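Asker: fold the following for me, if possible:
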Amino acid sequence: MRPNLWLWVAVLVLSLAACSGLGRSRDSEAAIASRQATVQGSAPIIAGDVAQARQAAIDDAIGNASATLRENNASPTLISNIKVVDEWRDGDVYHVQAVSVLSDKQVCASPYRKKLVATAFPSMTPDQIAGTESQDLYSGIPREIGNRLMESGDFIVRNLTHHFLYDRPELAPELPANAGLPNATILNIARQYDAQFVLSGVIRDFKIESTDYVRGSGVMAQFKWAMRDVMARRGIGIDVFVHDGYTGALLFQRRYTDSILGDVTLPSGYTVGSERFESTPAGHKISEIIHQASDDIRQLFGCYPFSARVTRVDNGKHIVIAAGAQDKIKIGDRLKVYSAGFSHSAGMGFSDELGVMIITEVGPTMATGNLEGQGGVVRPGDWVRSYSSVQ
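Answerer: Residues are numbered from 1 along each chain as shown. Alright, predicted model coming up:
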């Protein structure tokens, strides 16, 4: 009887495990289904412009997908991918059917790589970083944020980490007006590097707390005094900013703070991002801030519309832009063209849409295309911008 009893127990356990696995599988399928939506979108065809109606129908489908996914998910939604599976024309109305997927990590894969230029992070109180400590913090922090953004595949980063954007770091992100124009420095740097974004920041705090005076009395106070050169505390405060390279607008501002207890020094010659740097308590804390800042920037700007500058125009229609294969530009891509208007030298904003550019040739860093239909006059210094992300 005893062997049979154990046999029945084993069968029962296996049955329960199978049921549990089936339950988990069904729960997983339900979770996946709740993060997907099949939707339709439509738009009228105006003046025979089928291409414009198609894009408007896709935009309508994206809006419908967002509304559907919001109903099925309590957390904030972010569509990571949408694919058109069917499209048709019914009289003067264009229809599309699409499948959308909600991102698990709230970060979407951009169809284009966006250019960003990284500038140095000055210290608000320079004497907080001793001459015997690593002097790589000023350029190393933005360089490593840029490296992590490059590794994500969504950005191309140019290093200008020898250049300090703020003459008075305590006032950052405020910049003095140059030639009567606010944020002209941002716009000039962005134009020089053909960048869509400008990364900057300030080391607000890197102070070692004084150990000369120890509060209290007794054994604990004597111990703290004896260990004052080994057990110290150092605060860290780093502000990170991202400006728009076309308008000069401040798009991202965040302060990251932490503290170190114990060995708070950063020996001279330790490079930010190196194994030696990260092996120190101070270097490890700074690396954590770098990781968090780069993740925050990618989450905010990963799905941001792509923009690039017009560098040359031939015969008013043949357009050359400062973006190519490295930016993931492909033949047949369609980009909206905007005029810099009267603010040609300053880039005050997307003042006027001139038409749609269709890419016909792609090089490593440049691409050419033609302006579709009877658009406006395009000039060097204008820019192109992507539609919504549709794969």
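
Asker: got the residue ranges for the strands in the stretch 201-350 of the chain?
Answerer: For the stretch 201-350 of the chain, applying DSSP state E, counting those that start in this stretch gives strands covering 232-244, 250-262, 307-314, 318-321, 334-339.

Asker: ugh, typo on my part, it should be the stretch 51-200 of the chain
Answerer: For the stretch 51-200 of the chain, strands defined by DSSP E, counting those that start in this stretch occupy the ranges 79-90, 93-102, 114-120, 155-164, 197-205.

Asker: and the most centrally placed residue in the chain, how far is that from Phe155?
Answerer: By C-alpha atoms, centre = their mean, the mean C-alpha position of the chain lies nearest to Arg298, the distance being 2.5 Å. Relative to Phe155, Arg298 is positioned 8 Å away (C-beta to C-beta, to the nearest Å). C-beta here means a position set from N, CA and C on the backbone, and glycine is covered the same way.

Asker: equivalent analysis for Pro111, please.
Answerer: Going from Pro111 to Phe155 by C-beta to C-beta gives 13 Å.

Asker: okay, now Leu149: neighbour count?
Answerer: Neighbours of Leu149 under the rule other C-beta atoms under 10 Å: 26.

Asker: lowest confidence element among the helices and strands of this structure?
Answerer: One helix or strand of the chain scores below all others by mean pLDDT, DSSP states H and E: helix 2-34, with a mean of 52.

Asker: follow-up on the earlier one: quick one: closest of the strands of the stretch 51-200 of the chain to Glu372.
Answerer: Closest to Glu372 of those is strand 93-102 (C-beta to C-beta; 16.4 Å).

Asker: will you turn the strands of the stretch 51-200 of the chain into a markdown table that also has distance to Glu372, mean neighbour count and mean pLDDT?
Answerer: Formatted as a markdown table, the strands of the stretch 51-200 of the chain follow (distance: least, C-beta to C-beta, whole Å; neighbours: other C-beta atoms under 10 Å; pLDDT from 0 to 100):
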| stretch | distance to Glu372 | mean neighbour count | mean pLDDT |
| --- | --- | --- | --- |
| strand 79-90 | 19 | 14 | 76 |
| strand 93-102 | 16 | 20 | 82 |
| strand 114-120 | 24 | 25 | 96 |
| strand 155-164 | 27 | 18 | 94 |
| strand 197-205 | 28 | 25 | 96 |
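
Asker: could you list the domains of the protein?
Answerer: Following automatic domain parsing, one finds the domains of the chain at 2-102, 114-301, 307-386.

Asker: okay, and the common contacts of Arg298 and Phe155?
Answerer: Shared contacts of Arg298 and Phe155, defined by C-beta atoms under 8 Å, 6 or more residues apart in numbering, are found at Leu149.

Asker: circling back: mind checking the strands of the stretch 51-200 of the chain for the one nearest to Thr38?
Answerer: Of all the strands of the stretch 51-200 of the chain, it is strand 93-102 that lies closest to Thr38, at 5.3 Å by C-beta to C-beta.

Asker: extract the C-alpha set from the closest one and format it as PDB.
Answerer: Output of strand 93-102 as PDB, limited to C-alpha atoms (Å, rounded to 0.1, in the frame of the first residue of the first chain):
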ATOM      1  CA  VAL A  93     -12.000  58.500 -47.800                       C
ATOM      2  CA  TYR A  94      -8.700  56.500 -47.100                       C
ATOM      3  CA  HIS A  95      -8.800  53.700 -44.500                       C
ATOM      4  CA  VAL A  96      -6.100  51.800 -42.700                       C
ATOM      5  CA  GLN A  97      -6.100  48.800 -40.300                       C
ATOM      6  CA  ALA A  98      -3.200  48.500 -37.900                       C
ATOM      7  CA  VAL A  99      -1.900  46.400 -35.000                       C
ATOM      8  CA  SER A 100      -0.400  48.300 -32.100                       C
ATOM      9  CA  VAL A 101       1.800  47.000 -29.300                       C
ATOM     10  CA  LEU A 102       2.200  48.600 -25.900                       C
END
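
Asker: any stretches of the stretch 151-300 of the chain with poor pLDDT?
Answerer: The model of the stretch 151-300 of the chain has pLDDT under 70 over residues 177-182, 210-231.

Asker: I'd like the next helix or strand past the least confident helix or strand of the chain.
Answerer: Counting by DSSP states H and E, the element after helix 2-34 in chain order, helix or strand, is strand 36-44.

Asker: neighbouring strands - and their directions - for that following strand?
Answerer: strand 93-102 (antiparallel) (DSSP bridges).

Asker: show me where the stretch 151-300 of the chain has helices.
Answerer: Assigned by DSSP state H, counting those that start in this stretch, the stretch 151-300 of the chain shows helices spanning 184-192, 219-226, 275-278, 281-301.

Asker: to Glu170, which of the ones you listed lies closest?
Answerer: Nearest of the helices of the stretch 151-300 of the chain (C-beta to C-beta): helix 184-192, 17.3 Å.

Asker: with adjacent residues omitted, what lies nearest to Tyr256?
Answerer: Spatial nearest neighbour of Tyr256, excluding adjacent residues (C-beta to C-beta, 6 or more residues apart in numbering): Ile289 at 4.4 Å.

Asker: swap in Lys285?
Answerer: Using C-beta to C-beta, 6+ apart and skipping residues adjacent in sequence, the residue nearest Lys285 is Asp258, 4.9 Å away.

Asker: OK, contacts around that neighbour?
Answerer: Neighbouring residues of Asp258 by C-beta under 8 Å, 6+ apart: 235-236, 285, 288-289.

Asker: write a ChimeraX command that selects only the buried members of those residues.
Answerer: Here is the ChimeraX command that selects the buried residues among the contacts of Asp258 (16 or more other C-beta atoms under 10 Å):
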select :235,236,285,289
